[in-house]
Structures are given as C-alpha cells and as structure tokens.
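> what shape does this take:
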Amino acid sequence: MMEQHGLVEPSQAHPIHETYQHHLQPPSDTIIGPIGIYGSVFSGHTTPIINQGSGNIHNASNHYHSHTRGMKSLHKSVAPGAIHNALKRQDPPKCHASTREAVIRDIMHWIEELEKECKFMWVHGPAGAGKSAILQTIAELCHKAGLLGASFFFSRNAAGLNDADLLVPTLVYQLCISIPEMRSHVEVSLEQDPLILSRSVEAQLESLLLGPLTRAACDPLTEGLLRSRPRLIILDGLDECGQPKTQRHLLTLLSGAALKLPIPLFFLIASRPEQHIRNTFISQPLVSTTSLLALDDSYLPGKDIETFLRSRFEEIRQPHPRLSTSWPSAADIRRLVNQSSGQFIYASTVINYVDSARHEPDERLKIIFGIKPAGKETPFAELDALYKHIFSCVENLEKVLEVLGSLLIWNDVYEDFIWPTTPKFVEIMLCLPPGEIAVLFGDLCSIVYIPVERYQPDIRILHASLWDFLLDESRSGRFHIHKGRARTCLALYSLRHVEEHIRDPDFIINSALENDKASCRILSYTSFFSRCIQVDHTESLLEKLQGLDFFAFIDLMIYGGKAYDEGSTMHFIQYHFRLSAIERLPQYFKWLEKLDCQSQMDVYSLHLKSWERHINKVLLPLSSSESLIATNLITSLTLNSFIQECVKTIICDSANPDEVILYDKLPRHSQNMLGFFDGLSHTMVVEYLHDPRRSEELCVNNPKYLMLAKSFVQYVFKMDPERWEYDGDNCSNKDCGEIQECLEDHWGRWWGDKPKPSSEDAYHCALKHLPFLLRESCDSREFADFLGDHPLPPDSEASSAYPDRAKVIDAIAAYITRCDSAVKDAQPVETHVRNSAVTDAQPVEDYVRNSTVTDAHHVKTHVRSSKWRRPRFCGL
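Modelled structure (predicted):
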C-alpha cells in the first residue's frame, strides 16, 4: 500500500532543482507513453529514441534486429501500474512544496555521485513516515533529469503490484527503453527461451538482465554508450512484496546481480524497518555496499508536517469565507503535529477528512479532537486500516497485546519516577525469556521501535495515535486493549515478583542481569498496592492474594530485604519507594473493603491481621519495657504525623539521663522502626492504637495521654521565655546539661540521619499540642495541684511571638477546673478515664471534651498569687 500523505496537485509538486530544468521539455518528434519519453519500440527500426529527456538520439536500426514478438510477450508480463508515472497511479503521493527538502537533497547527492562506493541505498522509516511520497518525488526528478532507469512501486492491496514474479519483466521492459543498447539482446533471450518469463526470478535476472547487459558491454559498438545511460532503479514498498521470505530472497538476488554486472546499476529501495529486511541489509554482502538513510527525527519531520498542515488548511479556508484567518489556532496545529509523531500519514488523514465539500471544516476538526462526537463518521478510517493490516500480520497477537497493554499503564504508578522500558527489563517484568520482545514485535517494527541491544534504549511507540486506536474498541475491534485487564495483568506479574522476593529477600547482585532482576523485584513490591488499587477485574487477583504471605510482604517493605550501598541507585529505589508503598496501605485496605465478591472479606481480614501483627512486632518490645520515653513515643504516634521529630525532641529533652540510658538499651530495630513508623500509614496506626479490642495493651488511653502531657508541660516550663525573664538567667539545672549530652550521643542511633529539630520548633510544637493532651488526659489531682502551684506568667512582649501560649494557659485552667469537679464528685482521680474517640482525621486543636468548662476565668484568678517558683521537674 502506497502511503497517502501530503497529497498535492501536480502544480503543487516539489519544486525541481534548477540543475534539472533543461530536461523538462522533450523534443517534438518523440512519443510520450505510459513508461516515459521514448520512440516507438514496436513500429520499426528507424524511429529515433530519446532516452528520457537526456537528448541522446540514435537510430535503433543501427544496432537492433526486429524481435517484436519477444517484446510483446515481455509486455504481457509487465505490471504497468507499478511504474512511477503509470496511468493507474494518477496523482500519486508526493512531497508537498517546501517539505522533505533535506531528505531529498541527501538522496539526490547519492544518486548524482559519480564514483559510488555503495550500489544500494535503503530508505527506511515507520509506517506513514512518507517513504512512498519521497521516492515518488525522487522518481519524477530523476525521470525529468534523465537519471531514472526503471522503477517499481509495490502495493499489497493492488493486483500485480505485490507479485515478485512481475518485478524482473517490469524492470527489464523499462531498461530496454532507458538503455536501448540492451534491447536486442533481451529480444534474443526471449526468442531463445519463450518460457523464460515462467521461470524463477533468479533465472529471469540471469537471462533478461545480466546476459543482455554483459553482451552489450562486450559489443564495441554499444560499450561506450552504456555508461552514459541512466542506471538508477527505484523500488518502493519492498515490505509489501509477498512474504518476508520472498523479500529477503529478492534482496539477495539483486545484491548478487549487482556484483556481476559489467555496467553497474544502482538501487534506491524504500521499506519499513521490518526485522528480516533490516537483518538482510546489515549482513553480507549488502552491508558493505549499502548506504542507510533513516527517516528519523534528525530530519525534523515535525517542522515539515507543520508546513504541510498550515498550507493545506489555508487552501481549505478559501471556499469558506466565514472561517477566520486564524483558524485553526496555533495550539490546534501544535496538537496535530504532536499527535503525528513525525509520521505524515496522521496529518494527511486529518486533512483528507476535514477537506470535505459537503461538511464544515471547523466542525470536522472538532470531531478529530474529540470535542464533538463522531457519530457514524469514521475520521480515521485510513489510519485504522493501516493499523489493522499491520496487526493482522502478527503471529502471537495475544501476547503482543498483553505487552502493549502493560506498556500503556507501565508508568501510571509514580509521577516522579519512570520505569525502565528496555526490552530486557520488560522481559524480566513480564516473565518472558530473553530475546522474546524482539521476536514478538518482529512484525511491528513499522509502528514500534525495538532496539537491537536489549539493554538500551527504551521500547518506543512510533505513532502517538496508536494508543487511541488500540483503546477504542469501535476502531480496533479484535485488537482492542482493555485498560482494566491490562492493570490486572501487570498486578499479577508484580505479585509473582513479590513472592519471589519474599522467598529470597537477600538476593545478591553479581551481574547486570541480576541488577535488573533486583530492580524489578523492588519496583514490584513498592508499587504493588498502587497496582492493585487500579485493578477493576479482581477475581483472579484476589485468588492469588489469598495465598500471599502478607506479614512477610509487609516485613519486606519495612525492612527492605538486602541492604544496598548508601548513595547507589538501588539504595534510592529501595528506600524511597518502600516509603511510598506503605503510605498507600490505607488505600489498599479501602480498595479491599469496597470490592463486592465472595473472597473479598477473607483477603481483607487476613491481610489486616497481618498488618496488626507487624505493628505489634515493632511496638510490643517498647511497650513492655519500663521506659517512660518508649511509652510516650508510642502515645505520640497518635498525634499529627508531620511533627514527630519535634515530639521526639520534647519527650527526650524532658526526660532525665537515666531514662535516656534505659531507652537506649531497648531493641535497636524497634527504636529504628518507631522513627520509620510515625510517617507511614499514620491513619491506620492511630485507628489501631485507639481500639482496645484490637491493640489491647498497646491501646493509647487517657492515662497514657496524661504521661505524655506531663512531658510536654515540663518542656514548656523549661523553654518558656517569660520564666527566663523572671529569673534573669538561663536554665542551670544540672539535669538539662546531662540530658543534652546524652541526646546528642544517642539521637543518630535512634533515628538515623534525621536532623534534630531546633528548640524553637519544638517549643512551638509543644504549645500547639499541649491543649489537646490536657483534654485527653485522665484527671490527676496531683498534676492539677502542680499546675496550680506553678502557673505560666501572663503574656508580655517576650512571649508575643507565640500565639498558642495563651491557649495553653486556658487549657491548664480548664484541666484544673475539671479535676476540682472530679474531687467533688468523689471519683478516683487516676481512674477517671474518658472514652472520647480520638482520630487523626481532624487537627488536634479540634478535639473538644464533651464536658463544659464554665469557671476557667475563676480558676485563673484563684491560682495562688504568691511569688513564682521554678517547678521541680522531677516531681512530675
């Protein structure tokens, strides 16, 4: 099929280089026929023959005998529609004015080069790149310049134009006209073997091309003339000639013939970069005699496509005066250029659809952009036919569509990281044997770029419009890709790698292949929750999830398996994405909850219990200890997850050195994971710690909030600016210096490379969260008395930078009032535990007790007004 793009009227054809202008007008006594400019081949021997405008005139009777019967039999075996200027090819695709100039210049330079090292030039590019239009333009230029010997434009959809058996007769027929010195020798061969045209292509080449040219070269009368004759042969669409085996065979025969010819012929061949054709050109004997020209981005096809679109839209506007001169907009042009992906066929399809005499162009362009429904219209019928034909040639269609579907949603998981799409990585991810991608996509080279090397670069879709085709079932039919099924498929492959990694978490990297396997495993388990959440075909996935060791999976994500060198790519992937994975855990459980199928609740219950086991694994060693720091740190997990570093500072700075030393003796992994835990799946951790039925001894209740509140009060009292103004000195408590020394020594071991927040930030944090802690603390008469005996001084200029300080004063007053009321009611102070619900769905300042504080002002004025004394922190 000849590619339809950039179609223009003859008057719009590519401008002829001035070098060729003198060849345009043939002499008046020549005959112009369907093959070119020539004398009558069959009407006698005295007709002057003029070689395609070259001006070389000779009398055929000087050299040839009449063998009209043989030439007539040759004529019957010709495919006239394959010749570049055949009547059946009226208005063939050709390059639009001012486009493809660089490509044409490079090809013409090779053609005009007198001492060619390469007898073949292979022009290759994706489907729809414009190969046929370029070679048609070259054929017309060379025909008018007297440089074209013969041409054959293959087309799979036209009878006779995809038949390799007609190639040699068609080329020889044209060469008899462009190189008349060989004509009599061809006639002799036809007379000697009338059945030669029914023999193999190899036999025809030997008898009708090699033999006649060799004999003409040996004839002293014609030898000198041969070198002045045109010797360029153009073959377009080789990939459309029969089967791949036939195409390879033709190239082998032509390369062999070129080596034997006494007078060299030169072959300009265009095709898609099909694997078998590419392999033939890059192998001997062709590799040493072929110049390769790729229609890639180096020729700036986007610029040429924009030129073509602007020119054609201007023509379309002419008969529609209502259309603005700014239609279509520059943004619309850019959108069409981007969607073309450097392939002219998309732009040409759009123009052919919009340019309709019976429709409004702007309305049709809206259909192209999807702004207006197409209804029964088929704007991309030509493009769809091309895609359908290409996919119909694929052998393992099901697996190819599976790979394409995976690539389609390959990077839907992370916005800040692009998954590799090298053939090797894709093969590992989709559990394919090495080299399988190249085999699967061997028939799709014209629309999908598969690098020769499996490692670099990435697989690339050459047509942006291909995804639109594959995702629209009304267009693609049996080639349709269902996005939901593709997500399920990729999630199942991710699960396979997760299970492999659980079985072998300490996978050692000894080679580049193993490095890719390790990357694939890590990316699989860190993206697994995201993959599952996107799935809408769940039955097969849920069946597999029931067999997953979810506790080992969570453990793997938290601890990461093998430790990689810090600063390495593997370390970055492992650390960064496991954080990301755990943060998606709540979404994963919500996804399981929403599913409506038989096995959904089984998986949900099973995985939730595994998650809770992991929380217990981390927190129970801390909770069962006698460390006040550990207890307070667990309680602090229910606070805002973004302030945990400040909370750690508050808790530790308000502890005594003995507490610090005791905490340091606890299991190191629990200390480390506590610091890791606070930012991961915070909502689920809070829900678990507030549910006594699930968390049991880990449950965070009012007495535990009281202990944490004491720690916060102690820090506020120590850091309060008004207190230092009263004393006129800094904190001189011996414990403070010892604590700071201990903390500096232990901080890095407890929480890794996380920097310790400043005292200023920690003080702000303490003021902000202390009101919440006091509201959630159980009633303690002893603590209330301490707060009453040691009030915070009122605000002044020194404390104006801390707006939350006044809220703390009010919260302390409210707590004292509440405890006074509790004593009056004769309730045990330390066992007055409230059952108020605490979640982190609201900011902490929004937690309000159900009880109403009515006498807060009275409490503030009732507090002793005696001279202020520094509180004894150890008394807390």
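
> how far out from the middle of the chain is stretch 187-203?
Relative to the chain's own centre, stretch 187-203 is displaced by 55 Å; criterion: Cα atoms, centre = their mean, to the nearest Å.

> residues near residue 89, how many?
Residue neighbour count, defined by other Cβ atoms under 10 Å, stands at 20 for residue 89. C-beta coordinates here come from the backbone N, C-alpha and C atoms, glycine included.

> just give the closest residue to it, not the sequence neighbours.
With sequence-adjacent residues excluded and distances taken as Cβ to Cβ, 6 or more residues apart in numbering, residue 89 is closest to residue 81, at 6.4 Å.

> and residue 543, by the same measure?
Skipping the residues right next to it in sequence, residue 543 comes nearest to residue 599 by Cβ to Cβ, 6+ apart, at 6.8 Å.

> pretty sure that neighbour sits against residue 544.
No: in this structure residue 599 lies outside contact range of residue 544 using Cβ atoms under 8 Å: 10.5 Å.

> quick revisit: and the residue nearest to residue 543, what is it in contact with?
In this structure, residue 599 makes contact with 539, 542, 543, 546, judged by Cβ atoms under 8 Å, 6 or more residues apart in numbering.

> sec struct for residue 268, please.
Here residue 268 is recorded as strand under DSSP: H, G, I helix; E, B strand; the rest coil.

> make 37 the starting number, not 1.
Right, with 37 as the first residue, what we last looked at is residue 304.

> which other residues reach stretch 639-655?
578, 581-582, 586-587, 589-591, 594, 621, 625, 628-629, 670, 705-706, 709-710, 713, 720-721, 724, 730-731, 734.

> where do the helices sit along the stretch 387-536 of the chain?
Chain-ordered helices for the stretch 387-536 of the chain, with DSSP state H, counting those that start in this stretch as the definition, fall at 397-404, 417-428, 433-444, 459-465, 472-476, 501-507, 509-512, 519-539.

> buried only: go through the contacts of stretch 639-655 for me.
For the contacts of stretch 639-655, a neighbour count by 16 or more other Cβ atoms under 10 Å gives the buried set as 578, 581, 586-587, 589-591, 594, 621, 625, 628, 670, 706, 709-710, 713, 720-721, 724, 730-731, 734.

> how about the contacts made by residue 520?
Under the criterion of Cβ under 8 Å, 6+ apart, the contact partners of residue 520 comprise 571, 572, 573.

> pretty sure the first one contacts residue 581?
No: under the contact definition of Cβ under 8 Å, residue 571 does not touch residue 581, with a separation of 10.5 Å.

> out of the helices of the stretch 387-536 of the chain, which is the most enclosed?
For those, ranked by mean neighbour count under the definition mean count of other Cβ atoms under 10 Å, the leader is helix 459-465 at a mean of 23.

> what comes into contact with that helix?
Under Cβ under 8 Å, 6+ apart, the answer for helix 459-465 is 439, 442-443, 455, 468-474, 486-487, 490-491, 495, 529, 533, 549, 552-553, 555-556, 560.

> make it 7 Å
When contacts are defined by Cβ atoms under 7 Å, 6 or more residues apart in numbering, helix 459-465 is touched by residues 439, 470, 472-474, 486-487, 490-491, 495, 529, 552-553, 556.

> min pLDDT across the contacts of residue 635, which one?
Per-residue confidence over these reaches its minimum at residue 575, where pLDDT is 82.

> the residue nearest to that one when sequence neighbours are not counted: which element?
Nearest non-adjacent residue to residue 575, counting by Cβ to Cβ, 6+ apart: residue 633, 6.4 Å away. Using DSSP states H and E, no element contains residue 633; it sits outside every helix and strand.

> would you mind measuring from residue 633 to residue 574?
7 Å (Cβ to Cβ, to the nearest Å).

> which of those two has more residues huddled nearby?
In this view residue 633 and residue 574 are compared by other Cβ under 10 Å, and residue 574 has more residues nearby, 21 against 10.

> for that one, give me its contacts.
Taking Cβ under 7 Å, 6+ apart as the criterion, residue 574 is in contact with 631, 633.

> phi, psi for it please.
phi -100, psi -10 (degrees, to the nearest 10).

> do you know how far it is from residue 532?
Spatial separation of residue 574 from residue 532 under the definition Cβ to Cβ is 17 Å.

> ok, residue 578 next?
Applying Cβ to Cβ to residue 578 and residue 532 gives a distance of 15 Å.

> same question, residue 162
When distance is defined by Cβ to Cβ, residue 162 is 33 Å away from residue 532.

> repeat that for residue 623.
Residue 623 sits 22 Å away from residue 532, going by Cβ to Cβ.

> over to residue 297?
Applying Cβ to Cβ to residue 297 and residue 532 gives a distance of 58 Å.

> could you do residue 239 as well?
As for residue 239, its distance to residue 532 is 55 Å (criterion: Cβ to Cβ).

> now do the strands in this structure.
Using DSSP state E, the strands of the chain run over 67-68, 73-74, 84-86, 93-95, 156-160, 184-189, 268-272, 302-307, 326-330, 484-485, 496-497.

> columns mean pLDDT and distance to residue 170 on top of the ones you listed, output as a markdown table?
Converted to a markdown table, those look like this (pLDDT from 0 to 100; distance: least, Cβ to Cβ, whole Å):
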| stretch | mean pLDDT | distance to residue 170 |
| --- | --- | --- |
| strand 67-68 | 33 | 25 |
| strand 73-74 | 34 | 23 |
| strand 84-86 | 39 | 28 |
| strand 93-95 | 41 | 32 |
| strand 156-160 | 97 | 7 |
| strand 184-189 | 97 | 12 |
| strand 268-272 | 98 | 9 |
| strand 302-307 | 97 | 7 |
| strand 326-330 | 96 | 10 |
| strand 484-485 | 90 | 20 |
| strand 496-497 | 90 | 22 |
